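In: When you get a sec, could you give me coordinates for this:
(one chain, ligands or ions: 2)
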Amino acid sequence: MSTATRGSRDNGTDPIFEDLRGAFIEQFGHERKPSVLARAPGRVNLIGGHTDYNDGFVLPTTVDRAVYVALRPRTDERVRLHSQNFGEEVEYALSKPHVSSLPQWAQYVAGVAEELRTKYGLDAGFEGVLFGNVPLGAGLSSSAALEVAAAEGLTRLFGIDLGAEEMALLCQRVEHTYVGVQCGVMDQMAVRFGRAGNALSLDCRTLEYEHVPLPLGEASIVIADSRVSRELAASKYNERRAECEEGVTFFQQFDDSIEALRDVSRELFEQHAGELGDTIRRRCRHVISENERVRRSADALKEEDLDACGTLMSTAHESLRGDYEVSIEKLDLLVETARATDGAYGARMTGAGFGGCVVCLVADAGVPVLQRRLTERYEEQFGRKPTLYVVEKNLEVTTRRADVPICEEERRSG
Ligand code: ADP
Ligand code: MG
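Out: Ligands and ions are numbered 1, 2, ... in the order given. As a prediction, this is how the structure comes out:
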């Protein structure tokens, strides 16, 4: 993203890897160069809000920021981890991780290591330095990026053969079991499989996916972080999940093959919508219509129809705001401001809601005005600035850079 402060990353080497290599040596001493460097990008979901846990469809794309790890094996069974973002270090015994007593940032890595130890035979300690420039807790999935970077690095370090889908599922399990966040699998799949310059059209039930090139041409993706902490998000998230389950139970009386809202056709919904209470009816209507919008958006991308894509994004926001009720005034203001800007194709809130980010699709010529207006109007109304990111789309640069997680091995240091 253009606000990146650590230099641009070219196709060959990513300067952040160089920085991290230096930081590793500084941390652990000169004779201890890292053996493996790995990174995994953050992601933004273009459309498909709250469809993942309804076994539905999503359309995320990776961003040009990542979480990085530098690792080296140890001959004993100690694990030492240093976080550059937090300026903290932890040390523990591999076989007695006590994950829940570690600081949260270390829980993700320790969780990955524990899964690999108990199920894939990881059998020695290691030391590592972590750094990331994916904003933490903004909804761009820094947590999945950290998990996948750690999994990518540790499997390479210990020669563990782990398929990409298995890795995404392992990372999701880490988030559930060790961190206590009951997330869907979209984030880990998007991070593990995402390709720069492409959206990942993903079926969250079957995990079938397709890379759909983003025909951005003279357009860009701009992300505005409301910087509202998502405190309400967890309880509301659980409430929405329960409401969806209520919807599923209702529709099962007409068709017992229905397992999730994904299986409820528009016809069946319309036939019986009147028998549902207002709240559940609107929740179901959002999920059913959102799944349709995701599929139409993937088609629109293939037809290089950004107008259609933008309109679908804006309609998705209205549905998330009105029917699903997960937006807030601050997100609405950002979306409305974006949509009223010349050159904007569309905008919507992204992520669980109650804070987090808005994603906008806008013609390049409109980007400076969009940035200015978002900042001015938000500050006028709420007394603080949003954080803005323009996702770099220069394919020459991004295709291999913020691509699927990559590993760089330093055999010389081995
Ligand atoms: P999101 O995934 O939307 O960014 P989460 O709350 O799921 O938000 O994950 C954020 C957490 O992930 C951070 O609080 C931290 O514990 C961990 N994390 C993310 N990036 C890093 C990093 N670069 N270094 C250490 N921990 C990180
Ligand atoms: Mg997360």
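In: all contacts plus neighbour counts: C-alpha atoms, from now on.
Out: Noted.
In: Give me the buried stretch members for the helix or strand harbouring Asp332, please.
Out: Following DSSP states H and E, one finds Asp332 within helix 329-339. By neighbour count on 16 or more other Cα atoms under 10 Å, the buried set for helix 329-339 is 330-339.
In: now these as JSON lines including distance to Asp307 and pLDDT?
Out: What follows is the buried residues of helix 329-339, written out as JSON lines (distance: Cα to Cα, whole Å; pLDDT from 0 to 100):
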{"residue": "Lys330", "distance to Asp307": "25", "pLDDT": "98"}
{"residue": "Leu331", "distance to Asp307": "22", "pLDDT": "98"}
{"residue": "Asp332", "distance to Asp307": "20", "pLDDT": "98"}
{"residue": "Leu333", "distance to Asp307": "21", "pLDDT": "98"}
{"residue": "Leu334", "distance to Asp307": "19", "pLDDT": "98"}
{"residue": "Val335", "distance to Asp307": "16", "pLDDT": "98"}
{"residue": "Glu336", "distance to Asp307": "17", "pLDDT": "98"}
{"residue": "Thr337", "distance to Asp307": "17", "pLDDT": "98"}
{"residue": "Ala338", "distance to Asp307": "14", "pLDDT": "98"}
{"residue": "Arg339", "distance to Asp307": "12", "pLDDT": "98"}
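In: can I get those residues in CSV with distance to ligand 1?
Out: Below are these laid out as CSV (distance: Cα to the nearest ligand atom, whole Å):
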residue, distance to ligand 1
Lys330, 18
Leu331, 16
Asp332, 19
Leu333, 21
Leu334, 19
Val335, 19
Glu336, 23
Thr337, 23
Ala338, 22
Arg339, 24
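In: when you check ligand 2, which of the residues you listed turn up near it?
Out: Checking these against ligand 2 by Cα under 5 Å from the ion, not one of them is in range.
In: For the helix holding Asp332, output the C-alpha coordinates as CSV.
Out: Only the C-alpha atoms of helix 329-339 are listed here, as CSV (Å, rounded to 0.1, in the frame of the first residue of the first chain):
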residue,chain,number,x,y,z
GLU,A,329,-22.6,5.4,11.7
LYS,A,330,-18.9,5.8,11.1
LEU,A,331,-18.7,3.0,8.5
ASP,A,332,-21.9,4.4,6.8
LEU,A,333,-20.3,7.8,6.6
LEU,A,334,-17.2,6.4,5.0
VAL,A,335,-19.2,4.4,2.5
GLU,A,336,-21.5,7.3,1.6
THR,A,337,-18.6,9.7,1.2
ALA,A,338,-16.8,7.3,-1.0
ARG,A,339,-19.9,6.6,-3.2
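In: What sits closest to Ala219 if chain neighbours are left out?
Out: Excluding the flanking residues, the one nearest Ala219 by Cα to Cα, 6 or more residues apart in numbering is Ala363, at 4.0 Å.
In: now swap in Gly125 and tell me
Out: Per Cα to Cα, 6+ apart, closest to Gly125 is Glu77, 4.0 Å.
In: residues near that neighbour, how many?
Out: Around Glu77 there are 16 other residues, counting by other Cα atoms under 10 Å.
In: Now do it against ligand 2, distance only.
Out: 29 Å (Cα to the ion, to the nearest Å).
In: Farthest pair within the buried residues of helix 329-339?
Out: Within the buried residues of helix 329-339, Lys330 and Arg339 form the most distant pair, 14.4 Å apart (Cα to Cα).
In: residue in the stretch 201-350 of the chain nearest to ligand 1?
Out: Residue nearest to ligand 1 within the stretch 201-350 of the chain: Arg230 (8.8 Å; Cα to the nearest ligand atom).
In: Secondary structure class of that residue, three-state.
Out: When classified by DSSP: H, G, I helix; E, B strand; the rest coil, Arg230 comes out as coil.
In: and Leu130, what helix or strand is that in?
Out: Secondary structure from DSSP H and E places Leu130 in strand 126-132.
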